[in-house]
Every structure is written in C-alpha cells, then in structure tokens.
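Asker: mind folding the following:
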Amino acid sequence: MPRAIGANSRLLMIPEVTYGTAPGGNWRRVPFLSCNLGAEQPLLDADVIGLGGNRDPAAPFFDTVTVEGDVVVPVDLINIGHWLSLLLGTPTTTGTNPNFTHTFGSGAATLPSQAIEIGYPDVPSYDVCAGVRADALEIDFSPTGPATATIKLIAQAQNGTAAEFAFAFTIDANRSLTFTLHQVYLALAKTPIEGPAGLKRASSSARRSAPRRRA
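Answerer: Here you go, the predicted model:
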C-alpha cells in the first residue's frame, strides 16, 4: 500500500445546510500547515465473568467517540474568513469592490457548521468529518515570519462494527493451519498531518475473541 505524504494531502470544506450532513456541490480547497482533526474511539476490555459456558472472553466494548482536533492555517486575506465564519458566524460586509470590510462579531445565537474532508491521494484515502464547528482560536504573530492561526475543532460521532480475520500457514491443499478470529474490534484512530513528510497513523489497539483452530 502506498504511503501518504503530507505535502500531497488536501483539506476541503463546505458549509452544511443540515447539521451533520455533508452536502453535495463544490468543496473549497484551503491551505493549511498541519491538521489532526479526526475520530478516536478506544476499546475497553470487558472483565465480566459468569455469563458463558466456556473460557472465551466477553466481547470488548467501545468507549466514547471523540471527533476533535486542531488545524493550523495561514492568516491570509481570503481563506481566513472561512475559519472566522466558522467561529463567529456570518460577517457584516460593507464597501465596494475591491475595498470590502468584513466585520466579525461574537455572541451569535447560532453558529454554522462545515463538513471537512482530509484527503490522502497517495493511498488513496479520504476522511470526511461532518458537523464540524470551531471551539477556539489562537493567533500566532511574531516580528518575523508568517502569521498563523490555530483553530480548535469539534465534530459529530461515528460507529464501528466487528470484523473477521483469518491467519493461515499453508503447505499444500491438504496441509494447513488456520486461525480464524470471528470478532475483531479495532479502536478508531486518527491520522495527523504535521508537515510535508510521510504520514504515520496514530497508534490504535485491537481486541478479539478467542481464536478457533482448524488443522
């Protein structure tokens, strides 16, 4: 499988009409420096005993899903407005082309949400987070260098189901050893993009039922 590269990653966003539903249409591609928005859901061991007639462990259960993260973006003249709208709502715009003034104010009764897609074309793989809203904004200004903004994001929950895996050692059609794992639960982990280098998926854990051996 090809490895994802940060330099080729893409971040696209589109305003939602209905919260939590990614609409169709033209998604806007926006520049960014890093992004660790994604879903995480750890697995917890079930230590309950006395419910079955064998020594197979009880199935693990999923903990709470959290879909959150930070995105670091440049403070530019165009795209920063989309992030400010996510945080503060629609601005009041005055002036005429090309001299517009966009005024953002706090205290809006309702705030918009966006659907955000993090794309890894090298794999290819595309993760969509729906119902994304901004939680906080930090701006980094210094005497030299570019100005950046860090937006803390929160989004809507996702569900997971068990999978089945088989591991086999085969000599020929009549001689083999197969381990079948009928219920494998994989913890949900996100893939942060921290720069232009290759990406490594955040560590995750797996829990499984006892295997059945067939020889």
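
Asker: center of this protein - which residue?
Answerer: G38 (1.9 Å; C-alpha atoms, centre = their mean).

Asker: hmm, V132 and that one touching each other?
Answerer: No. Counting by C-beta atoms under 8 Å, G38 sits too far from V132 to count as a contact (11.1 Å). Just so you know, the C-beta spots here come from the backbone N, C-alpha and C atoms, and that holds for glycine as well.

Asker: the longest strand along the chain: how far from the chain's middle?
Answerer: Longest strand in the chain by number of residues, with DSSP state E as the criterion: strand 125-140. Averaging C-alpha positions (C-alpha atoms, centre = their mean, to the nearest Å) puts strand 125-140 9 Å from its chain's average.

Asker: same thing with stretch 41-60?
Answerer: That offset, for stretch 41-60, works out to 29 Å (C-alpha atoms, centre = their mean).

Asker: farthest residue from the center of this structure?
Answerer: Largest centre distance within the chain, by C-alpha atoms, centre = their mean: N174, 44.9 Å.

Asker: that older thread, can you list contacts of the longest strand of the chain?
Answerer: Outside strand 125-140, the residues that touch it by C-beta atoms under 8 Å, 6 or more residues apart in numbering are 4, 13, 16, 19-22, 37-39, 67-68, 75, 83-84, 86-87, 111-120, 147-156, 190-191.

Asker: how about 6 Å then?
Answerer: 19-20, 22, 37, 67, 86-87, 113-119, 148-156 (C-beta atoms under 6 Å, 6 or more residues apart in numbering).

Asker: next, the buried residues of it.
Answerer: Of all the residues in strand 125-140, those buried under the rule 16 or more other C-beta atoms under 10 Å are C129, A130, G131, V132, R133, A134.

Asker: ok, it: who's next to it in the sheet?
Answerer: As defined by DSSP bridges, the strand partners of strand 125-140 come to strand 114-120 (antiparallel), strand 148-154 (antiparallel).

Asker: how far off centre is the first one?
Answerer: This points to strand 114-120. The answer for strand 114-120 is 8 Å, by C-alpha atoms, centre = their mean.

Asker: let me know the average pLDDT across it.
Answerer: Strand 114-120 shows a mean pLDDT of 92.

Asker: the nearest residue to P112 once chain neighbours are set aside pairs with what?
Answerer: Distances taken as C-beta to C-beta, 6 or more residues apart in numbering put P15 closest to P112, at 5.9 Å, once the chain neighbours are dropped. Beta-bridge pairing of P15 under DSSP bridges involves Q114.

Asker: returning to what we had before: how about the strands paired with strand 125-140 in TSV, adding mean neighbour count and distance to G195?
Answerer: Below are those laid out as TSV (neighbours: other C-beta atoms under 10 Å; distance: least, C-beta to C-beta, whole Å):
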stretch	mean neighbour count	distance to G195
strand 114-120	21	14
strand 148-154	19	13
